[in-house]
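Q: Here is my input; please provide its structure:
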Amino acid sequence: MLGSITYQSLGISARRILDALLHEHMCHGGAENGNLGATYEQLERWGVTAADIRKGLAELEATAFVVRTAQGYFSLGGSVPSRYRLTWIPTGKGASFKPATNDWADVIDDLARTGIGNVTAARKWLRTEVAEHARGNRA
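A: Next comes the predicted model:
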């Protein structure tokens, strides 16, 4: 995964968000993948500016290193952060164990089929994906 062209194409904000989610995963003994959350305040402490959080998350979702499992929201009593799953790590323990889905590898395969096989081309693809996401043309 770390050697993939999509991982290497991630911007610094996406990498910092990924670090924060990995830290959250480890803080819960590896038992909460799929239920990992981080507020804007927490991500800002990891060095991500508020203006770059959406872009970083869009990069992580486009590359399928992270899948959103629940949409967060704001309310009068505060906010509830979105929840995420790291796709290269299994979820659950014991009877609820599910193997890693490795969705990120499917993205690599899709890119290869379209002729994208290096980091420079992957960065260009990722910029386009994030721009589409920002325009609301991506889920």
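Q: Can you tell me how far the closest residue to residue 7 other than its chain neighbours is from residue 79?
A: Leaving aside its sequence neighbours, residue 7 sits nearest to residue 1 (C-beta to C-beta, 6 or more residues apart in numbering; 6.0 Å). Where you see a C-beta, it was placed from the backbone N, CA and C, and this is true even at glycine. Residue 1 sits 31 Å away from residue 79, going by C-beta to C-beta, to the nearest Å.
Q: Which of the two has more residues huddled nearby?
A: Neighbours of residue 1 and residue 79, each counted by other C-beta atoms under 10 Å, are more numerous for residue 1; the result is 15 against 12.
Q: which residues in this protein form strands?
A: 36-37, 66-70, 73-75, 78-80, 83-86 (DSSP state E).
Q: Minimum distance to residue 134: which of those has it?
A: strand 66-70 (15.6 Å; C-beta to C-beta).
Q: so what's residue 107 closest to, chain neighbours aside?
A: Using C-beta to C-beta, 6+ apart, the closest residue to residue 107 is residue 64 (4.7 Å).
Q: Compute the number of surrounding residues for that neighbour.
A: Neighbours of residue 64 (other C-beta under 10 Å): 19.
Q: Give the ranges of residues in the protein that sit below the confidence cut-off.
A: Along the chain, segments meeting pLDDT under 70 span 137-139.
Q: Which residue of it lies farthest from its centroid?
A: The outermost residue of the chain, judged against the average C-alpha position, is residue 76 (27.5 Å), by C-alpha atoms, centre = their mean.
Q: give the contact list for it.
A: Applying C-beta atoms under 8 Å, 6 or more residues apart in numbering to residue 76 gives no contacts.
Q: That one and residue 83: what is the separation?
A: Distance from residue 76 to residue 83, by C-beta to C-beta: 21 Å.
Q: now residue 59
A: Residue 59 sits 18 Å away from residue 83, going by C-beta to C-beta.
Q: When those two are compared, which one has more neighbours?
A: When residue 59 and residue 83 are compared for neighbours, residue 59 comes out ahead with 26 against 17, by other C-beta under 10 Å.
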